[in-house]
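**Q** build me a structure from this.
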Amino acid sequence: MGTVEERLLGYRRVGLDPICFIYHMGRHPDYVEVTTEIFDLIESGKLTAVTSTLTLLTILTRAKMLGHQAAADSYKALLTTFPNLELRRSDFSIADLASDLRVRYRIGTPEAIQIATAIVEGAGAYLCDDPTLSKVMELDVVLLRDLHR
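**A** The predicted structure is shown next:
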C-alpha cells in the first residue's frame, strides 16, 4: 500500500483544491505520481471526492486563455463525469461558512469557498498545496508535498 493510499484511506471523503487537477492534467514532474494515486483511489471508489465548481472555472479559464478550446472541452467532460467526484455548486450554507472561514483564518475567497464546500459535503480532509491553509481546523488539510515520496 503506497504512502498516498495509507494516508488517505482513513477518510470517507476528501475535498480537492484546483491544484490537484492542475498538477495532474499538466503532468507536473514532482506531483503527477501523487495525483495519479489520488485519482486512482477516487476512480476505484476507495475514496470519494468533492470540489467546488470554482475548480472548473479555474481550469477552463487557463485553457481558454491559451486558446485551447479542445482541451477546455476535454477538461469539462472529465470533471463532470469522473466517477466518485462531485462538482458542488455554492449555495447559502457554503457562502455563510466561507465567510466565517475568511474571518477566522484570513484566507482568500476562492480558498474559503473550496474549503467550505468540502466541509458542507462531509469531507474529512482537504487536499491542496498551500501551507497557509493548514491553520484551518474544521477538517484536516493535507498538503500534496507531504504525500510526495
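**Q** what residues does stretch 91-104 touch?
**A** Applying C-beta atoms under 8 Å, 6 or more residues apart in numbering, the external contacts of stretch 91-104 come out as 52, 88, 90, 107-109, 112-113, 115-117, 119-120, 136, 138. C-betas here are computed from N, CA, C, even on glycine.
**Q** buried ones only from these, please, as a PyMOL command.
**A** Buried members of those, defined by 16 or more other C-beta atoms under 10 Å, are picked up in PyMOL with:
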select buried, resi 52+88+90+107+112+113+115+116+117+119+120+136
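**Q** can you tell me which of the contacts of stretch 91-104 end up in strands?
**A** Using DSSP state E to define strands, the subset of the contacts of stretch 91-104 located there is S52, R88.
**Q** and which of the contacts of stretch 91-104 is nearest R12?
**A** I119 (13.5 Å; C-beta to C-beta).
**Q** show me what contacts that closest one?
**A** I119 neighbours (C-beta under 8 Å, 6+ apart): G15, L97, E138, L139.
**Q** separation between it and S93?
**A** To S93, I119 is 10 Å away according to C-beta to C-beta, to the nearest Å.
**Q** helices or strands next to the helix or strand encompassing A49 in the packing?
**A** Following DSSP states H and E, one finds A49 within strand 48-52. Judged by 3 or more C-beta pairs under 8 Å, 6 or more residues apart in numbering; DSSP states H and E, the packing partners of strand 48-52 are strand 13-16, strand 85-88, helix 109-120.
**Q** which non-adjacent residue is nearest the spatially most central residue of the chain?
**A** Most central in the chain under C-alpha atoms, centre = their mean is L16, positioned 1.4 Å from the mean C-alpha point. Leaving aside its sequence neighbours, L16 sits nearest to T51 (C-beta to C-beta, 6 or more residues apart in numbering; 4.4 Å).
**Q** residues near the one you found, how many?
**A** 28 (other C-beta atoms under 10 Å).
**Q** now distance to D146 too, for the contacts of I119, in JSON lines please.
**A** Formatted as JSON lines, the contacts of I119 follow (distance: C-beta to C-beta, whole Å):
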{"residue": "G15", "distance to D146": "16"}
{"residue": "L97", "distance to D146": "25"}
{"residue": "E138", "distance to D146": "19"}
{"residue": "L139", "distance to D146": "15"}
